[in-house]
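Visitor: Return atomic coordinates for the entry below.
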Amino acid sequence: MKTSLSRFLAPLAAFAVAASLTACGGSDEPSSSSDPITVWMHPVIADQPASTAYWAQIEKDFEAANAGTDVKIELVPWENRDQKLATAFSGGKGPDIVLLNPDQVPQYVKNGSLAPVDKVLEPAKSSFLSPAVDALTVDGKVYAAPIYHTVTTTMYNKKLLDKAGITTPPQTWDEIKAAAPKLKAAGVATLDYSALPAATLNLNFYPLLWQAGGSVFSEDGKKAAFNQAPGVEALTFLTTLFNQGAIPKSALSKGNVVADAALGKQEVAMGFNNSPADAAVAATAWGADNVVIGLPLKNKKQVGFGTPGGLAINAASKNIAGAEKFISFMTDPKQLISIGTASGFLSPRTDAKIPAKDAQAEKFAAALEYAYPGEPNPAARQVMSLLAVELQAALSGKKTPQQALDDAAKQADDLLSRQR
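Guide: Alright, predicted model coming up:
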């Protein structure tokens, strides 16, 4: 997607949350290189034992390379991470370093919680993918250093498509609509979807909104835009498929998972926002020969979700110098290749290519061209929560698509107006 991120980063309103207390503005205590560094790391490596072992080794390798600097990496779940981090920051107990996505960064920048990392990135900044750095930049300063890049795209079950007599996997919305009756006749649903309100919209509704040519926010970031014509088109597309049985009824209570869900259990023929980890799960459940990876879906635009994960520094850290050392260590090509290999994600550096282990990995790498990191806004996460509830109301038939989106937009506009 070619849309510039700069329009979403134009002067953002102050973010009035509890996390704006004194801890976020910087500590009055002097920084000391002897203070230990605490890192909050989310499970970017899906296999828990492998994740634990990987980060334990990173601790050892960093400390061996930086004598006298102690680092402790705490593995923190994805769930409720914003609430936990805001609470920690407001209590002055936040980590020195935390892993953030682009849509989380603006809110913490505006309340003074983050220190810029430009100094760390500057020596090798030209080696990083520009979109990855831009996505983590606010008002000209970089606030998180990319250590990996996610990408999601379409995944098909060849066995189910063959059963329905579909030889070419659906690649556009119209082709999905055409395939739905054939798949229904074969006894399976067409499209996987996650309508659980707790599921991130970056992995369900937003890619469809962008494919329809829409956006979450207005150009100045001060109002909701998802209730305009593209949003209505996207939600109508979903509700029509759902009412036809082309989206499983279980979608209403499903999160962004494959294992033990309709897609993993071969009850639905395709997903449109799947990751390399999802493909690995599918290969085990379906058989590797039945897993087909395609490019992101296309409607008015062809776009999928993909985002850099970046390490950010708490502005109140007592050891910013040590935190910068750790980030410098983690953004070295050697470490980027190691984390990419362990996680299945891609590298944010052009000089740190992760070897594709198979044809599927090559397909995901090809999808990176269409990856869009979302629309950063200090209220992005709150707006997402408001909209998710209304999307489920539309899918369950309680509201029309236009009504659901208008109701969500009214709430979002009220929220955004209070942050100016």
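Visitor: Show me where the stretch 151-300 of the chain has its strands.
Guide: If DSSP state E, counting those that start in this stretch is used as the criterion, the strands of the stretch 151-300 of the chain fall at 153-157, 189-191, 268-274, 291-293.
Visitor: orientation of the first one relative to strand 268-274 in degrees?
Guide: Taking axes from the mean of the first three to the mean of the last three CA atoms, to 10 degrees, strand 153-157 and strand 268-274 form an angle of 160 degrees between their directions.
Visitor: which outside residues touch strand 153-157?
Guide: For strand 153-157, the external contacting residues (CB atoms under 8 Å, 6 or more residues apart in numbering) are 169, 171, 263, 266, 268-274, 278-279, 282, 286, 290-297, 304, 363-364, 367, 370. Yep, even glycine has a C-beta here, placed from its N, CA and C like the rest.
Visitor: and if you look at stretch 47-61?
Guide: 41, 43-45, 71-73, 75, 330, 335, 338-339, 342.
Visitor: What residues of that stretch count as buried?
Guide: 51, 54-55, 58-59 (16 or more other CB atoms under 10 Å).
Visitor: if you look at those residues, which of them are in helices?
Guide: Under the assignment DSSP state H, those contribute 51, 54-55, 58-59 to helices.
Visitor: re the thing from before, which of the contacts of stretch 47-61 count as buried?
Guide: Buried members of those, counted by 16+ other CB under 10 Å: 41, 44-45, 71, 73, 330, 335, 338-339, 342.
Visitor: can I get the residues you listed in CSV with pLDDT and secondary structure?
Guide: Formatted as CSV, these follow (pLDDT from 0 to 100; DSSP: H, G, I helix; E, B strand; the rest coil):
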residue, pLDDT, secondary structure
41, 97, strand
44, 92, coil
45, 91, coil
71, 97, strand
73, 97, strand
330, 98, helix
335, 97, helix
338, 96, helix
339, 96, helix
342, 92, helix
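Visitor: Residue 177: which of those residues is nearest?
Guide: For the buried ones among the contacts of stretch 47-61, the residue nearest residue 177 by CB to CB is residue 44; the value is 35.3 Å.
Visitor: gap between that closest one and residue 300?
Guide: 32 Å (CB to CB, to the nearest Å).
Visitor: Likewise for residue 410?
Guide: Residue 410 is 26 Å from residue 300, by CB to CB.
Visitor: quick check, nearest of the contacts of stretch 47-61 to residue 194?
Guide: residue 43 (18.0 Å).
Visitor: Three-state assignment for the closest one, please.
Guide: coil (DSSP: H, G, I helix; E, B strand; the rest coil).
Visitor: quick one: least confident helix or strand in the protein?
Guide: helix 81-90 (a mean of 87; mean pLDDT, DSSP states H and E).
Visitor: Can you mark which positions in it are buried?
Guide: Those would be 81-82, 85-86, 88-90, for helix 81-90 by 16+ other CB under 10 Å.
Visitor: And for stretch 340-352?
Guide: 340, 342-349, 352.
Visitor: which other residues reach the helix or strand harbouring residue 409?
Guide: Counting by DSSP states H and E, the element that carries residue 409 is helix 401-417. Around helix 401-417, the neighbours that count as contacts under CB under 8 Å, 6+ apart are 13, 221-224, 226-227, 231-232, 235-236, 239, 379, 382-383, 386-387, 389-391, 393-394, 399.
Visitor: Report the rounded mean pLDDT for it.
Guide: The pLDDT scores in helix 401-417 average 97.
Visitor: From the chain's centroid, how far away is that helix?
Guide: 23 Å (CA atoms, centre = their mean, to the nearest Å).
Visitor: Same question for stretch 304-319.
Guide: 13 Å.
Visitor: Now do it: distance from first to last residue.
Guide: 38 Å (CA to CA, to the nearest Å).
Visitor: How about stretch 213-224?
Guide: Across stretch 213-224, the terminal residues are separated by 15 Å (CA to CA).
Visitor: and the two most separated of the buried residues of stretch 47-61?
Guide: Largest pairwise distance in these, by CB to CB, is 12.8 Å, between 51 and 59.
Visitor: Could you pull out the helices in the stretch 151-300 of the chain for me?
Guide: With DSSP state H, counting those that start in this stretch applied, the stretch 151-300 of the chain shows helices at 158-163, 173-185, 205-211, 229-243, 276-286, listed in chain order.
Visitor: would residue 355 count as being in a strand?
Guide: No. Applying three-state DSSP, one finds residue 355 to be coil, outside a strand.
Visitor: ok, the residue nearest to it when sequence neighbours are not counted to residue 334 distance?
Guide: Using CB to CB, 6 or more residues apart in numbering and skipping residues adjacent in sequence, the residue nearest residue 355 is residue 341, 7.9 Å away. Separation of residue 341 from residue 334 (CB to CB): 11 Å.
Visitor: all strands of the stretch 301-420 of the chain, in order?
Guide: Counting by DSSP E, counting those that start in this stretch, the strands of the stretch 301-420 of the chain are 304-305, 308-314, 371-372.
Visitor: from the middle of its chain, how far away would the last one be?
Guide: Averaged C-alpha coordinates place strand 371-372 at 10 Å from its chain's average position (CA atoms, centre = their mean).
Visitor: Direction included, what does it pair up with?
Guide: Next to strand 371-372 in the sheet, as set by DSSP bridges, lie strand 304-305 (parallel).
Visitor: pLDDT (mean, whole number) over the partner strand?
Guide: For strand 304-305, the per-residue pLDDT averages 96.
Visitor: swap in stretch 378-386?
Guide: 92.
Visitor: and the closest residue in space to residue 151 that isn't next to it in sequence, how many residues sit next to it?
Guide: Distances taken as CB to CB, 6+ apart place residue 306 nearest to residue 151, at 3.9 Å, with adjacent residues excluded. A count of nearby residues for residue 306, using other CB atoms under 10 Å, gives 30.
Visitor: Tell me who's in contact with residue 306.
Guide: Contacts of residue 306 (CB under 8 Å, 6+ apart): 149-152, 367-368, 370-373.
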